[in-house]
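Colleague: I need the structure of the sequence given here:
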Amino acid sequence: MLAIIRRDLLIAARRKSEVLTALFFFVIVTSLFPLGIGPEPTLLKKIAPGVLWVAALLATMLGLTRMFAPDHADGTLEQMALAPTPFGLLVAGKVVAHWLVSGLPLVLLAPVLGIQFDLDAGALGILVVALLLGTPLLSLVGAIGAALTLGVRGGGVLLSLLVLPLYVPALIFGAGAVEAHISGLGAGGHLSLLAALLALAVFFAPWATTAALRIALE
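Modeller: Numbers count the residues shown, from 1 in each chain. Below is the predicted model:
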């Protein structure tokens, strides 16, 4: 599993343009809203959680099609399936690598971009915690969609149709945590539900992804 993570990180380091594309997309999308709406602190603070979460969600999706497709094209995925190491662990390694490349940088950038929306330090902290819980969930759920659409013509569009509805709970609880903190209601409930969704995904998503990949390989 660690070898797969290291391998995928090395490949991502050699393809910096693919990684930077998602980061630039995240920065540009979140920066356009303050420019378009204008300097209205109350309105910007109200829309900030939703804007940041939607932008992070879409930026994470940009790398989903490349999670398994290159390995499937060159036969590496078949060798992984035949390896003595459980296939599920290797798939989990690829998901972790995807999060380290596509999810973690968004978490680190989010507080800087949140300043544009006049978020205070407490709201920025809740935003970071919510993204730390939510972005791995996006990668885990996205891996299932990437496996189901592997080798399918027009898989990118189909992947979006499959994955976006499954992302809705993470979006609701992630953005809701920041909104609840801003309103003074406390973000504990939303973060707990987000953590529960992540725990379920950690247990079930690798199994479902593995099953879908075996069907694609057959």
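Colleague: burial measure for residue 100, as a count.
Modeller: 16 (other Cβ atoms under 10 Å). (Glycine included, C-beta is placed from N, CA and C.)
Colleague: Relative to residue 137, how far out is it?
Modeller: With distances taken as Cβ to Cβ, to the nearest Å, residue 100 is found 15 Å from residue 137.
Colleague: ditto for residue 172
Modeller: 12 Å.
Colleague: what does residue 90 give?
Modeller: Per Cβ to Cβ, residue 90 is found 20 Å from residue 137.
Colleague: who has more neighbours, those two?
Modeller: It is residue 137, of residue 90 and residue 137, that has more neighbours when counted by other Cβ under 10 Å, with 27 against 22.
Colleague: Pull the residues that contact the lowest-mean-pLDDT helix or strand in the chain.
Modeller: Within the chain, no helix or strand scores below helix 69-74, which has a mean of 81 by mean pLDDT, DSSP states H and E. The contact list for helix 69-74, computed with Cβ atoms under 8 Å, 6 or more residues apart in numbering, reads 11, 76-77, 80, 94, 146, 150-151, 155, 216-217.
Colleague: Among those, show me the least confident.
Modeller: Least confident of these in the model: residue 155, at 66.
Colleague: hey, where'd the helices end up in this protein?
Modeller: 2-14, 16-37, 41-61, 69-74, 76-82, 87-98, 104-114, 121-148, 155-183, 188-217 (DSSP state H).
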